[in-house]
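K.L.:
Turn this into a structure:
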Amino acid sequence: MSNYKKYAESIVFSKSARRSIKVEDFHKDLEQIGTGRSACVFRIKNTNIVIKVFAPRFKHIALEEAEIYKKLAHIHYFPEIYETGRNYIVMDYIEGETLFDCLNKGIAIEEQQVHTIDEVLQLARQTGLNPSDIHLRNIIITSDNKVKLIDVARFKQTKKCEMWNDLKRAYFQYYLKPYFPRRIPKIILNIIAVLYKKEIIHIRGDKNRLLE
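P.N.:
Numbers count the residues shown, from 1 in each chain. Below you'll find the model as predicted:
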């Protein structure tokens, strides 16, 4: 048994949390750094490696996401994968700030970075995938201003996803304007995300502008 598998098996998920993911216990070598809808992410202490462990009811997603990462292995904008298992994925730890963090902390998002994200998604499409669920928390700007994308589990869905196009519209129509606030409280960002998902707010604009 590999050490990575031992680490994955050490994770104890709460059985009482029905709608959310909650961890009750994990190996002392691990540091929990993130919690999502289906999995938690742990950094292995004193390394630049993380292990993403899926809750029991979502373990099928681990295999799906691992297959997607294999298809993207030649694209260096995605993390390198070291090992996968029935309920876990081991990959690079990417140090940086998500676009969500950038908006919250007032870190500038450069126009070239937006174009780079576009190019990365096009490279992913060329592998036969359909990049979807591209949101502020799964795009990272590294300390050297490079772009990295994570959380690709929904890249195989067939439904067309407009989320990234809407983010680009918001970037060009609002973010680049001089009146746009450089720091936005987390609570406001989260409220906007909820309203967007409920289709209460919409972002309209010139589609041709997105290609510039």
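K.L.:
Tell me where the model's unsure across this protein.
P.N.:
Scanning the chain for pLDDT under 70 picks out the ranges 1, 17, 204-212.
K.L.:
what about the strands in it?
P.N.:
Ranges of strands within the chain are 12-13, 23-25, 30-35, 39-44, 49-54, 81-84, 88-92, 96-98, 139-142, 147-149, based on DSSP state E.
K.L.:
For the ones you listed, could you give me TSV that also reports mean neighbour count?
P.N.:
Any C-beta I mention is one placed from the backbone N, CA and C, and that applies to glycine too. As requested, those are exported to TSV (neighbours: other C-beta atoms under 10 Å):
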stretch	mean neighbour count
strand 12-13	16
strand 23-25	12
strand 30-35	14
strand 39-44	21
strand 49-54	25
strand 81-84	16
strand 88-92	21
strand 96-98	17
strand 139-142	20
strand 147-149	20
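K.L.:
Arg125 is nearest to which of these?
P.N.:
strand 147-149 (13.0 Å; C-beta to C-beta).
K.L.:
which helices and strands sit right next to that closest one?
P.N.:
helix 111-125, strand 139-142 (3 or more C-beta pairs under 8 Å, 6 or more residues apart in numbering; DSSP states H and E).
K.L.:
out of those, deepest packed?
P.N.:
strand 139-142 (a mean of 20; mean count of other C-beta atoms under 10 Å).
K.L.:
contact partners of it?
P.N.:
94-99, 102, 107, 109, 113, 117, 147-150 (C-beta atoms under 8 Å, 6 or more residues apart in numbering).
K.L.:
Recalculate using a threshold of 10 Å.
P.N.:
77, 79, 94-102, 107-110, 113-114, 116-117, 120, 146-151, 164, 167 (C-beta atoms under 10 Å, 6 or more residues apart in numbering).
K.L.:
could you dump that strand to PDB, C-alpha only?
P.N.:
What follows is strand 139-142, C-alpha atoms only, in PDB (Å, rounded to 0.1, in the frame of the first residue of the first chain):
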ATOM      1  CA  ILE A 139      -8.400  29.600 -11.500                       C
ATOM      2  CA  ILE A 140      -5.200  30.400  -9.700                       C
ATOM      3  CA  ILE A 141      -2.700  33.100 -10.400                       C
ATOM      4  CA  THR A 142       0.700  31.900  -9.100                       C
END
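K.L.:
Who does that strand pair with, and is each partner parallel or antiparallel?
P.N.:
Counting by DSSP bridges, the strands paired with strand 139-142 are strand 96-98 (antiparallel), strand 147-149 (antiparallel).
K.L.:
so Leu30 makes contact with Phe42?
P.N.:
Yes: with contact defined as C-beta atoms under 10 Å, Leu30 reaches Phe42; the gap is 4.0 Å.
K.L.:
Find the nearest non-adjacent residue to the spatially most central residue of the chain, please.
P.N.:
What sits nearest the mean C-alpha location of the chain, by C-alpha atoms, centre = their mean, is Asn138, with 2.1 Å. Counting by C-beta to C-beta, 6 or more residues apart in numbering, Asn138 lies nearest to Asp151, which is 4.1 Å off, once chain neighbours are set aside.
K.L.:
First-to-last residue distance for stretch 82-100?
P.N.:
End-to-end distance for stretch 82-100, by C-alpha to C-alpha, to the nearest Å: 27 Å.
K.L.:
same deal with stretch 67-75?
P.N.:
Stretch 67-75: ends 14 Å apart by C-alpha to C-alpha.
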